[in-house]
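Peer 1: Sequence and predicted structure, then a few things I'm wondering about:
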Amino acid sequence: MSWLSSPALESPPWLQPTLDPICAQLGLPALAPVAHLAVYSCLAAFALQKLSAQLSPLLAKGYYPTLKHKRDDWDLHIVSVGWAFSLVATPLAFHLIRHPSPELAQDPLYGSALREERLSAIAVGYFIWDAIVSFRHIRTQGLGFFLHGFGCCLAFLFTLRPFLLWCGPNFLIWELSTMFCDKFKMTGSKAQMINGAFLVSAYIGARLCYGSYNSFKLFRMLFSSSSDLSKSQQEATGWVRYLFVCLNLTMNALNLFWFRAMVLALKKRFSPGPKSAQHEAIQIDGKLNWNKGARKDE
């Protein structure tokens, strides 16, 4: 993971002096040295999406869907898995959780550390792509995915004030469950059952347990009288702390909503009823329909 500190990731010499005054005016001074990584990350996500559309029909003939909206869903999933796991969730986020920069331990509010700033910039680029494609496909993907992409983009962007940089890797690990979303027509198979077990386990562990722990840690730091920060330090954070809390509450609400959909899918599988319902894949989409997945007799 030493490549996050690599000189090869430095900004082009002409770019940072150009961006410094702009980013300072925006209140995001830590963005200027890493803005190029956000651009590269976003472009890489679009490129991988296009590449999937070209290569998947050749390399995954038996799995690549025929319906256009399902092909789009496949291509978006290829990007989310490829980006979230090849570049970020494993090994980058795990590494920075285990070996955080000492500057962030010394100042958890405003500490500035190059590795975490670069990770946040890469995340910003990915979530810009995520928000754009989710908005473009909002009719088939649902509002939830757009809220997730846009909210995460804002959260990671504002860590580059810098502010709460430690949140970057700790909340990015939520994406751990993404790779287990079933796109390979394994319905009714033992592989589907195993994949579903990994999906639920990763979701509970990364999002509900570890995510809730870090949310509590965040709220306690910013608002509690038992925080290591004084009341004046808490209040000095201004409106940004309320933005982070609102975004965090929104993401946690989505996590709980999608977890409910998983539980309902599992309930179908183990309850008496049509055999086809018992073999349904555990699906997560962005459509915020509270009755989705519920049995008609409930």
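Peer 2: Received it, and whenever you're ready, just let me know what you need.
Peer 1: neighbours around Ile22, how many?
Peer 2: Here the count is done by other Cβ atoms under 10 Å, and Ile22 has 12 residues near it. Placement of C-beta: from N, CA and C, glycine included.
Peer 1: in what helix or strand does it lie?
Peer 2: Assigned by DSSP states H and E, Ile22 falls within helix 15-26.
Peer 1: and the helix or strand following that helix with helix 15-26, angle?
Peer 2: Sequence-wise, the next helix or strand beyond helix 15-26 is helix 35-59, with elements assigned using DSSP H and E. For the pair helix 35-59 and helix 15-26, the angle between their directions (axes from the mean of the first three to the mean of the last three Cα atoms, to 10 degrees) equals 110 degrees.
Peer 1: which sections of the stretch 1-150 of the chain are below the confidence cut-off?
Peer 2: Per-residue confidence of the stretch 1-150 of the chain (counting by pLDDT under 70) places the weak regions at 1-2, 86-87.
Peer 1: repeat for the stretch 151-298 of the chain
Peer 2: Across the stretch 151-298 of the chain, the ranges flagged by pLDDT under 70 are 182-189, 269-286, 288-298.
Peer 1: Mind doing that once more with 80?
Peer 2: Under the criterion of pLDDT under 80, the regions of the stretch 151-298 of the chain flagged as low confidence span 179-193, 195-196, 226-228, 265-298.
Peer 1: what does the helix holding Ile22 contact?
Peer 2: Applying Cβ atoms under 8 Å, 6 or more residues apart in numbering, the set of residues contacting helix 15-26 from outside is Pro29, Ala30, Leu31, Ala32, Pro33, Ala35, His36.
Peer 1: which of those has the most neighbours?
Peer 2: Leu31 (25 neighbours).
Peer 1: quick one: that one and Arg118 touch, right?
Peer 2: No. At 11.3 Å, Leu31 does not count as touching Arg118 under the criterion of Cβ atoms under 8 Å.
Peer 1: Please produce JSON lines containing the contacts of helix 15-26, extended by distance to Ala206.
Peer 2: As requested, the contacts of helix 15-26 are arranged in JSON lines below (distance: Cβ to Cβ, whole Å):
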{"residue": "Pro29", "distance to Ala206": "31"}
{"residue": "Ala30", "distance to Ala206": "26"}
{"residue": "Leu31", "distance to Ala206": "27"}
{"residue": "Ala32", "distance to Ala206": "31"}
{"residue": "Pro33", "distance to Ala206": "29"}
{"residue": "Ala35", "distance to Ala206": "28"}
{"residue": "His36", "distance to Ala206": "29"}
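Peer 1: Now do the contacts for the residue nearest to Ala113 when sequence neighbours are not counted.
Peer 2: The shortest distance from Ala113 to any non-neighbouring residue, by Cβ to Cβ, 6 or more residues apart in numbering, is to Ser101 (3.4 Å). The contact partners of Ser101, by Cβ under 8 Å, 6+ apart, come to Gly111, Ala113, Leu114, Arg115, Glu116.
Peer 1: Now with 7 Å, please.
Peer 2: Ala113, Arg115, Glu116 (Cβ atoms under 7 Å, 6 or more residues apart in numbering).
Peer 1: Drop anything exposed from these.
Peer 2: Neighbour counting by 16 or more other Cβ atoms under 10 Å classes Ala113, Arg115, Glu116 among those as buried.
Peer 1: Name the SS class of the second one, please.
Peer 2: Put plainly, it is Arg115. With DSSP: H, G, I helix; E, B strand; the rest coil as the basis, Arg115 sits in helix.
Peer 1: quick one, what contacts it?
Peer 2: By Cβ under 7 Å, 6+ apart, the contact set of Arg115 is Leu4, Ser5, Leu96, Ser101.
Peer 1: wouldn't the first one be in contact with Arg118 here?
Peer 2: Yes. Here Leu4 reaches Arg118: they are 5.4 Å apart, a contact under Cβ atoms under 7 Å.
Peer 1: Having no further points to raise, I will conclude here.
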